[in-house]
Every structure is written in structure tokens, then in C-alpha cells.
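Engineer: Kindly generate the corresponding structure for this input.
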Amino acid sequence: MSRTPTKQIKKGVSHLRVSTRRQGKSGLGLAAQRRLIAYYFKANNIQLVKEFIEIGSGRPRLRPKLKKTIDYCRKNNLSLYAANQSRIARNLGFVYDLIDSGLDFKSVDNPTADKRSKLFQALMDDLAGDDISRNTKNALVSARNKGVKLGGNSKKRRKTMRRKKKAFLKKMRPIIQKMQRRGITTQRGILGELNRRKIRTYHKKTGWHASTVHNLLHELTTKTK
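Structural biologist: So this is what the prediction gives:
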């Protein structure tokens, strides 16, 4: 009788990142990132060799903790995994150089991404922070020019929006986790399942898109329960 060949176990390194020390100390975001990677590793028979945790912005090129992660991967010929690409970097130039260096790195929400997809995602991640900051400043200037009194009710509106967003994430978290436990871990797979089940978006609409799924997964990995 011929023996059934055993499935080869791959090995990988994970890199988790949050932006603030407060998030790092409280564990906000880290647990969600770790869970996403664990689901993917289990579904794809990958053994976690080492986990690195970084606290700080993803924009700078000089990041000692990320350098340690990359050096470890190169020294041991291992692939680098993150919950999503923005956890590795929010710097287009850095991501380009990382790809060019030949290091194998993957985001578990889009593990089949090729060079073009990674660069496009890096561009979106790089611009995201700038766009938010610029739009906020422009809106404030426009409001002042129109004589709108800032503060007061706007604080209440922001508080209401935060409460609604938190409630939405609380509702979506177990739905996404259940999908991941079933082996649906990629952004494309989650997108298809959300649309198949006609689950409504934050704005109460049906019809999820790649961008809305990406934003949802990003928020679930960086915000508290």
C-alpha cells in the first residue's frame, strides 16, 4: 500500500502594528490583527515562527522594529505576513523598495496580490492619511468662511457618528470572524460572501465593493470591540 503524502507545512513570520502606545498597552487592534493572521495560517497550513509587534506610524522609512522583522525573514528565508498591507507600511516608496528587494511579504486580506496590486494598495494607503487631513482642514476653512460656528452641535454629531460606527463594527465583527473560521479569509472572498448574503453596509446599502471591504477589515484590525 502506498502511503498518503503528508502535507508540507510552510513557515512564516507575522508583523503587527498599531499607531499609538495607548493602543499597544491596551491591546486594541493587536488582538484583531493576530486573529486574522491565525485564521489564514490555519487555513493554509502555515506555522508561525515568530511574531513582531511595532508601535508607531507606518509612514517613516526608518523603523527599527520593522527592520528587525525584515532582517529576521531574510536571515531565515521566511515570508512576512501582516493583517493588511498598511500594517507593514503607509509609504509608497518604501513598499516599492521592499518589493524590489525580493522579500516575500503578504497581507492576509489579499494574499495573492501581485506587484501591481501591492503598489496600488501602497498608493491608496499612503494617500489615505493625507486626504483625511486635507479634507478636514478644507471643511473647517469653508465652514468658517460661511460664518458657521464651530463646536457645540458639531461635537454632538461627531459623538453620534462615533457611536454609530462603533455599533456597526460590533455587529460586523462576529460576521467576519465566522467567515474567517470557515476559511473565507481573503478580501475577495469576504466581498463575495457579504454580497451573497445581502448584508448591508454602514450606509444601509446593499452591494459591497473592494474599497468598502478593505476599509471594514482595516477598522476591525485597528479599533476596539
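
Engineer: how long is stretch 49-65 from one end to the other?
Structural biologist: Taking Cα to Cα, to the nearest Å, stretch 49-65 runs 17 Å from one end to the other.

Engineer: wait, I meant stretch 191-203
Structural biologist: End-to-end distance for stretch 191-203: 16 Å, by Cα to Cα.

Engineer: which of the residues in it are buried?
Structural biologist: The neighbour-count check on stretch 191-203 (16 or more other Cβ atoms under 10 Å) flags L191, E193, L194, T201, Y202 as buried. For every residue, glycine as well, the C-beta is placed using N, CA and C.

Engineer: Show me how far it is from its chain's centre.
Structural biologist: 19 Å (Cα atoms, centre = their mean, to the nearest Å).

Engineer: Which residue in the buried residues of stretch 191-203 has the weakest pLDDT?
Structural biologist: Lowest pLDDT among the buried residues of stretch 191-203: Y202, with 85.

Engineer: Surely it is in contact with A167?
Structural biologist: No. Under the criterion of Cβ atoms under 8 Å, Y202 makes no contact with A167, lying 9.9 Å away.

Engineer: what ranges do the strands span in this structure?
Structural biologist: All strands of the chain, identified by DSSP state E, fall at 10-18, 46-55, 79-82, 105-107.

Engineer: Now tell me what touches the third one from outside.
Structural biologist: In this structure, residues lying in contact with strand 79-82 by Cβ atoms under 8 Å, 6 or more residues apart in numbering are 10-17, 33, 37, 40-41, 46, 69-70, 73, 88, 103-108.

Engineer: lowest-confidence helix or strand of the chain?
Structural biologist: Ranked by mean pLDDT, DSSP states H and E, the weakest helix or strand in the chain is helix 21-26, scoring a mean of 58.

Engineer: How far does stretch 55-73 sit from its chain's centre?
Structural biologist: Between the centre of stretch 55-73 and the centre of its chain there are 16 Å (Cα atoms, centre = their mean).

Engineer: And that stretch, what's buried?
Structural biologist: Counting neighbours by 16+ other Cβ under 10 Å, stretch 55-73 gives I55, G56, G58, R63, L66, T69, I70, Y72, C73 as buried.

Engineer: how about the third one, phi and psi?
Structural biologist: It refers to G58. Here is the backbone geometry of G58 (degrees, to the nearest 10): phi -90, psi 10.

Engineer: Kindly report the same for the fourth one.
Structural biologist: When read as degrees, to the nearest 10, the backbone of R63 gives phi -130, psi 100.

Engineer: doesn't E54 make contact with it?
Structural biologist: Yes. R63 is within contact range of E54, at 6.8 Å (criterion: Cβ under 8 Å).

Engineer: about what we covered before: mind telling me the two of the buried residues of stretch 191-203 farthest from one another?
Structural biologist: Taking Cβ to Cβ as the measure, these span a maximum distance of 17.1 Å, between E193 and Y202.
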